[in-house]
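1. here are the coordinates; sequence isn't available:
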């Protein structure tokens, strides 16, 4: 009988293992399928079950450049900009300080002796507490200038605010005498063994970071130099899942504090019934189950975490694409099950009319003759004028230009100017298309037209015209730079490699195979031959040794 029990146990274990493997395989297929549909280069994900990391995966490339060159696959230690996923981590730090009576949730922040000149001229600033910051009821905007303008009296209602988090960060740093990064290491990263997480970008991290892909198929890096409690966290899905597991298992906080963090503090009726905000977390009540959620959006770096604490399950995913949210609802439904319309109310699915139209137009202009593609564009626009609007057309033109389809980029940009003749952005994009094609005279001519469309931005149009005129003049008569100086500039930089050939500097941009000649505009400033849009400037020490290379782009979008 003991043998039979042993055999049954083995069979049961084998069956469970098979189910787990099948599920994980299905999850991987789901992720890769959604990445294709959402045009997402790289993604990292971790799934939590029973308070443990059950499954994780790294998919795609750290950086998929428009010419097809990549700089390696996403790995377990590849860093993503987590954007607003910074906020729950900072909230946890604050609540740990609350547990030690360093900070009081309901004490006005101004009483801690920190003077914040961006708000302290408004008497309403004296009402703000840590609780109001963490549940987004400060009345401050998400982001603003100096001084910050209050939208309403603190405590009245919900309004998502990164500025509130920055204010609380300054107070916490003042009270503790430590920087945000020092506090994060002490309170979170070290105790939870989050070895690949930081609030502080440093050049040494550059090779570990993903590069983001914009909707226009341009790349963007995230090298924000300041620690920001609302948005500067760099992390991995694995590390963030460790953080979630710790919370689910009650690590680091008193039980009452943990309960308060995930308890409704303020209703968010505009998101729908059952949606509220706790301390650092969005909350959704679905029947008897409570879900916690937070998204992160730093332009081309998007990700999210969703969890059900009582079931001790959830998932974290991070992407390097401006389209990263288009797969969010489908991804969560496939892995977690169920719909969460309140959480994903503002996210655009890859099945939305706008995304479908954009992808269809890209297919037209990359696979068909230009005349036929323009005919399709006009037909689709006549059918869906609110979908194929000025912004979508501008994005289409940029995409085509970035893929070397310059004739199509110019044609699409002309269509936009024709349809929206009073739009400075449409004219600006046409200038960009001419710049990309190397047509200086038409770029200048269009720049002059832009002055009539939007005379309020005279400085911008002057800057573009000055750039183009100087490029043309130096192409005819380059500035004389001694060869010893040119050799001093030669070397390897983040932007690319520089060498000297036939009395000229040659610039091979990172991820590019072809080196281009540089045209000297002055002793330290150079244009790239055949590229109207790029200017290089060398910063040197007093002894003449090159220390840095600054890459500037012409100021047209």
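-> Yep, it's here. Fair warning: this is a prediction, and the values are worked out from it, not measured in the lab. Residues are numbered from 1 along each chain as shown.
2. these two touch, right, residue 80 and residue 234?
-> Yes - using Cβ atoms under 8 Å, residue 80 makes contact with residue 234 at a distance of 7.1 Å. Using the backbone N, CA and C atoms, a C-beta is placed for each residue, glycine as well.
3. Could you pull out the residues contacting both of the two?
-> residue 209 (Cβ atoms under 8 Å, 6 or more residues apart in numbering).
4. Looking only at neighbour counts, state which of those two leads.
-> residue 80 (32 against 24; other Cβ atoms under 10 Å).
5. Tell me which helix or strand the closest residue to the more buried one other than its chain neighbours sits in.
-> Leaving aside its sequence neighbours, residue 80 sits nearest to residue 318 (Cβ to Cβ, 6 or more residues apart in numbering; 3.9 Å). Secondary structure from DSSP states H and E places residue 318 in strand 313-319.
6. Can you name every helix or strand that that strand contacts?
-> Judged by 3 or more Cβ pairs under 8 Å, 6 or more residues apart in numbering; DSSP states H and E, the packing partners of strand 313-319 are strand 42-49, strand 80-83, helix 237-248, strand 301-308, helix 328-335.
7. residues in contact with it?
-> Taking Cβ under 8 Å, 6+ apart as the rule, strand 313-319 contacts 40, 42-50, 80, 82, 235-237, 240-241, 244, 248, 292, 296, 301-308, 331-332, 335-336.
8. now do stretch 394-402
-> Here stretch 394-402 has contacts from 66, 215-218, 358, 361-362, 365-366, 406, 408-409, 412-413, 416, 425-426, 429, 432-433, 436, 557, using Cβ under 8 Å, 6+ apart.
9. which stretches of the stretch 451-557 of the chain aren't confidently modelled?
-> By pLDDT under 70, the low-scoring segments of the stretch 451-557 of the chain are 511, 544, 546.
10. Please enumerate the helices of it.
-> Assigned by DSSP state H, counting those that start in this stretch, the helices in the stretch 451-557 of the chain fall at 458-476, 483-489.
11. Give the rounded mean pLDDT of stretch 235-253.
-> Averaged over stretch 235-253, pLDDT sits at 97.
12. Could you tell me how far that stretch lies from the centre of the chain?
-> Relative to its parent chain, stretch 235-253 has a centroid offset of 22 Å by Cα atoms, centre = their mean, to the nearest Å.
13. Next: stretch 161-173.
-> Distance of stretch 161-173 from its chain centroid, counting by Cα atoms, centre = their mean, is 21 Å.
14. How about residues contacting it?
-> 84, 87, 90, 93-94, 97, 103, 109, 112, 114, 116, 118-119, 128, 130, 132-134, 136, 138, 140-144, 148, 179-180, 183, 227-231.
15. distance between the helix or strand harbouring residue 413 and the chain's centre?
-> In this assignment (DSSP H and E), residue 413 forms part of helix 406-419. Centroid separation for helix 406-419 versus its chain: 28 Å, with Cα atoms, centre = their mean.
16. Remind me what that helix packs against, helices and strands.
-> helix 370-383, helix 390-402, helix 424-437.
17. Show me the shaky parts of the stretch 1-150 of the chain.
-> Applying pLDDT under 70 to the stretch 1-150 of the chain picks out residues 1-22, 66-70.
18. returning to that earlier point: buried among the contacts of stretch 394-402? Make that a PyMOL selection.
-> A single PyMOL command selects the buried members of the contacts of stretch 394-402 (16 or more other Cβ atoms under 10 Å):
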select buried, resi 66+215+216+217+218+358+361+362+365+406+408+409+412+413+416+426+429+432+433+436
